[in-house]
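Asks: Provided below are the primary sequence and the corresponding predicted coordinates.
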Amino acid sequence: MSEERKFICVSCPLGCGLTVTLDDSGEVVKVEGNTCPRGESYARSEVKDPRRVFASTVRVKGGKLPVCPVRSKTPAPKGKLFEIAREVAGVVAEAPVKIGQVLIHNVCGTDVDIVASRDLEAV
Amino acid sequence: MSERIDVLIIGAGPAGVAAGIGAKREGAEHVVVIERDWDLGGILQQCIHPGFGLRTFKEELTGPEYMHRFIQQAHEAGVEFRTNTMVFQIDRENNTVWTMNKERGIEALNPGAIVLTMGCRERPLGAIRIPGTRPAGIYTAGTAQRFVNMEGYMPGKRAVILGSGDIGLIMARRMIWEGATVEGVYEVMSWPGGLRRNIAQCLDDYGIPFHLKTTVTRVHGQDRLEGVTVAQVDDHMTPIKGTERFVECDTLLLAIGLIPENELSRMAGIDIHPVTGGPVVNDLLQTTNPAVFAAGNVVIVYDLVDNVSDEGLIAGANAAKFSAGKIPADIKRIPVKGGENVRLYSPQYVTGQTDATIFMRVTHPVEQACRVFAVSDNGTELYSQRLRYARPGEMNEVRLKTAKLAEAGEVSAITVDIQPV
């Protein structure tokens, strides 16, 4: 018995409708509906290890803004996003903050870093 | 004697920063971008989610990261930025631009050319006349985005989102990540306003209900919003009796459309297109005032910032050419018309001087194979591209080649359209 799964590709603004066919052991047999290789790799990752880029803010002390935007440098496991959100919410950074600066290394043991996504000057 | 400014750009968002780069690359000596905020980057500084710049940089950046790269390029190119500076008037007789700044005071600038890059504004609650009280807790999605992402405030704990524009969808996920609940997204049309991938990654990922052909018919609450009444609508968008339902919430976010911001353009005596709400432009992005150019969401609301930046580069370069006397006053103007299923499009004229991209949106979705095309009034097909579908929420493009236009001979009008095949 094979299984079919359908979802929308989020790799680019086109939003292709993907159909992934899995065999009995859960291995991907084929991917349909994608219009580029990014869609194929998204489909494979989505059925095995779904990931999303996480983006939020952290509190900042002495900055021109009270918060600084951050992101996961690479996509993080989808099932851990809320856990990551809680850990990010506890961080307070000191201004100035530089874009790309690592604010949490290996967040929640995911091997993914949380980095600042803008420069923020001190007041 | 005041200083010589070759190109003056109004607004340092993605269009304005790119216009600065475009003008410098074209050889303009003194290029100044005026920005009323203390910071550069415009609205993208609050769009902290990824999804920007895949076409330009081959990777998906967050809004601030995308702007960081362009701002760096602009600094390297020698663009001058004046922040905390407001343009409060443009005189239509002589194109004098009046600016105000705490240190510099009031100045009258007479640049060689102007580029309008003021962006757009969100449609507010007043635009849709929902009956009921006017309690606290009702915001446009972009205002809420600014609160959360730049000022560190949560607008509420339990939200309803009216309209399915991309900012609303992005804010639904943002509220969830910050610990709020989102009761649902309600869209009056029978199709989504935003991109499909945002329905998938912002709503479906978190099980947020999405209701098409449904709208908010009343707001409740005295001091603070206590809930909204929602109802399904018929094909004429009239609420259907008996489908009303009360949804408890303390926050209502509006994602009901964007309007180009053209207060200054009107002062400058520029023709505004009644459907796009932006300046009428030719493919050089020159407005009906030859010394004034315009680019980005001030002209037509785009889906992608990559397009906004591209248009900014073009407008900046052409403004530099105009300032140097390289654009003749009698430049050709071939009118572009929208066909049956075209709601809006820009530019409205082509000059035949340059390859041009005409951006357009369909009126009704075409959920089957179709083609986007351009045809001249003498019957020559100038462009044709097959599409798997066409939807109002996703812009389509016609790419006109000068060579193709020249081959067509005497052309006095071009029609663009999307039709099933």
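Replies: Done, it's in. Numbers count the residues shown, from 1 in each chain, chains lettered A, B, ... in the order given.
Asks: can you list the buried residues in stretch B:156-176?
Replies: Burial within stretch B:156-176, assessed by neighbour count using 16 or more other Cβ atoms under 10 Å in any protein chain shown, is assigned to B:156, B:158-176. Glycine gets a C-beta too; all of them are placed from N, C-alpha and C.
Asks: among those residues, name the ones in helices.
Replies: B:Asp166, B:Ile167, B:Gly168, B:Leu169, B:Ile170, B:Met171, B:Ala172, B:Arg173, B:Arg174, B:Met175, B:Ile176 (DSSP state H).
Asks: mind putting those in TSV, distance to chain A and pLDDT included?
Replies: As requested, these are exported to TSV (distance: Cβ to the nearest Cβ, whole Å; pLDDT from 0 to 100):
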residue	distance to chain A	pLDDT
B:Asp166	10	93
B:Ile167	14	95
B:Gly168	16	95
B:Leu169	12	97
B:Ile170	10	97
B:Met171	12	98
B:Ala172	14	98
B:Arg173	9	97
B:Arg174	8	97
B:Met175	12	97
B:Ile176	9	96
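Asks: adding distance to B:Ala28, write these out as a markdown table.
Replies: A markdown table is the format used below for those (distance: Cβ to Cβ, whole Å):
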| residue | distance to B:Ala28 |
| --- | --- |
| B:Asp166 | 34 |
| B:Ile167 | 34 |
| B:Gly168 | 39 |
| B:Leu169 | 39 |
| B:Ile170 | 36 |
| B:Met171 | 39 |
| B:Ala172 | 43 |
| B:Arg173 | 42 |
| B:Arg174 | 39 |
| B:Met175 | 44 |
| B:Ile176 | 46 |
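Asks: ok, of those, which one's closest to B:Leu382?
Replies: Distance ranking of these against B:Leu382, using Cβ to Cβ, places B:Asp166 first at 31.1 Å.
Asks: now do the contacts for the closest one.
Replies: The neighbours of B:Asp166, taking Cβ atoms under 8 Å, 6 or more residues apart in numbering or on different chains as the test, are B:Gly193, B:Gly194, B:Leu195, B:Asn198, B:Ala255, B:Asp303.
Asks: repeat that with 7 Å
Replies: If a contact means Cβ atoms under 7 Å, 6 or more residues apart in numbering or on different chains, then B:Asp166 has B:Gly194, B:Leu195, B:Asn198 as its contacts.
Asks: give me the domain ranges for chain A.
Replies: Per automatic domain parsing, the structural domains of chain A span A:3-48, A:55-116.
Asks: turn the ones you listed into CSV, including mean neighbour count.
Replies: Compiled in CSV, the domains of chain A are given as follows (neighbours: other Cβ atoms under 10 Å in any protein chain shown):
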stretch, mean neighbour count
domain A:3-48, 16
domain A:55-116, 18
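Asks: closest to B:Ala369 out of these?
Replies: That would be domain A:3-48 among these, by Cβ to Cβ, at 13.8 Å.
Asks: does that closest one come close to chain B?
Replies: Yes. Between domain A:3-48 and chain B, judged by Cβ under 7 Å from any Cβ of the partner chain, the touching residues are A:Phe7, A:Ile8, A:Cys9, A:Val10, A:Cys12, A:Pro13, A:Gly15.
Asks: now, the most widely separated pair of the residues you listed?
Replies: Pairwise distances among the residues of domain A:3-48 next to chain B were taken by Cβ to Cβ; the largest, 16.1 Å, belongs to A:Phe7 and A:Pro13.
Asks: how about whichever helix in chain A runs longest as PDB, C-alpha atoms only?
Replies: Scanning chain A for the helix with the most residues, using DSSP H, yields helix A:37-48. Output for helix A:37-48, consisting of C-alpha atoms alone and laid out as PDB, is shown next (Å, rounded to 0.1, in the frame of the first residue of the first chain):
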ATOM      1  CA  PRO A  37      14.300  21.300  -8.000                       C
ATOM      2  CA  ARG A  38      13.600  23.400  -4.800                       C
ATOM      3  CA  GLY A  39      10.100  21.900  -4.800                       C
ATOM      4  CA  GLU A  40      11.400  18.400  -5.000                       C
ATOM      5  CA  SER A  41      13.700  18.900  -2.100                       C
ATOM      6  CA  TYR A  42      11.100  20.700  -0.100                       C
ATOM      7  CA  ALA A  43       8.600  17.800  -0.600                       C
ATOM      8  CA  ARG A  44      11.200  15.200   0.500                       C
ATOM      9  CA  SER A  45      12.100  17.200   3.600                       C
ATOM     10  CA  GLU A  46       8.400  18.000   4.400                       C
ATOM     11  CA  VAL A  47       7.500  14.300   4.700                       C
ATOM     12  CA  LYS A  48      10.600  13.200   6.600                       C
END
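Asks: the residues of domain A:3-48 next to chain B in strands, which ones?
Replies: A:Phe7, A:Ile8 (DSSP state E).
Asks: could you tell me which residues within stretch B:174-194 count as buried?
Replies: When burial is assessed from 16+ other Cβ under 10 Å, stretch B:174-194 yields the following buried residues: B:174-178, B:180, B:182-189, B:192-194.
Asks: one more: stretch B:117-134?
Replies: Of the residues in stretch B:117-134, those buried under the neighbour-count criterion (16+ other Cβ under 10 Å) are B:Thr117, B:Met118, B:Gly119, B:Cys120, B:Arg121, B:Glu122, B:Arg123, B:Leu125, B:Ile130, B:Gly132.
Asks: ok, and what's touching it?
Replies: Among residues not part of stretch B:117-134, those counted as contacts by Cβ under 7 Å, 6+ apart are B:9-11, B:13, B:15-16, B:19, B:42-43, B:138, B:140, B:142, B:216-222, B:254, B:256-261, B:264, B:295-298, B:301, B:312.
Asks: give me the buried subset of those residues.
Replies: Of those, these count as buried by 16+ other Cβ under 10 Å: B:9-11, B:13, B:15-16, B:19, B:42-43, B:138, B:140, B:142, B:216-221, B:254, B:256, B:258-261, B:264, B:295-298, B:301, B:312.
Asks: check contacts around the residue nearest to B:Ala200 when sequence neighbours are not counted.
Replies: Of all residues beyond its chain neighbours, the one nearest B:Ala200 is A:Ile8 (3.8 Å), with distances taken as Cβ to Cβ, 6 or more residues apart in numbering or on different chains. The contact partners of A:Ile8, by Cβ under 7 Å, 6+ apart, come to A:Gly15, A:Gly17, B:Arg196, B:Arg197, B:Ala200.
Asks: pLDDT at residue 64, what is it?
Replies: Since no chain was named, I'll use chain A. In the prediction, the pLDDT value recorded for A:Lys64 is 97.
Asks: um, chain B though
Replies: You'll see B:Pro64 listed with a pLDDT of 98.
Asks: just checking, what packs against the strand or helix carrying it?
Replies: Per DSSP states H and E: B:Pro64 is located in helix B:63-77. Under the contact criterion of 3 or more Cβ pairs under 7 Å, 6 or more residues apart in numbering or on different chains; DSSP states H and E, the helices and strands touching helix B:63-77 comprise helix B:14-25.
Asks: tell me the bridge partners for the residue nearest to B:Ala200.
Replies: According to DSSP bridges, the partner residues bridging A:Ile8 are A:Gly17.
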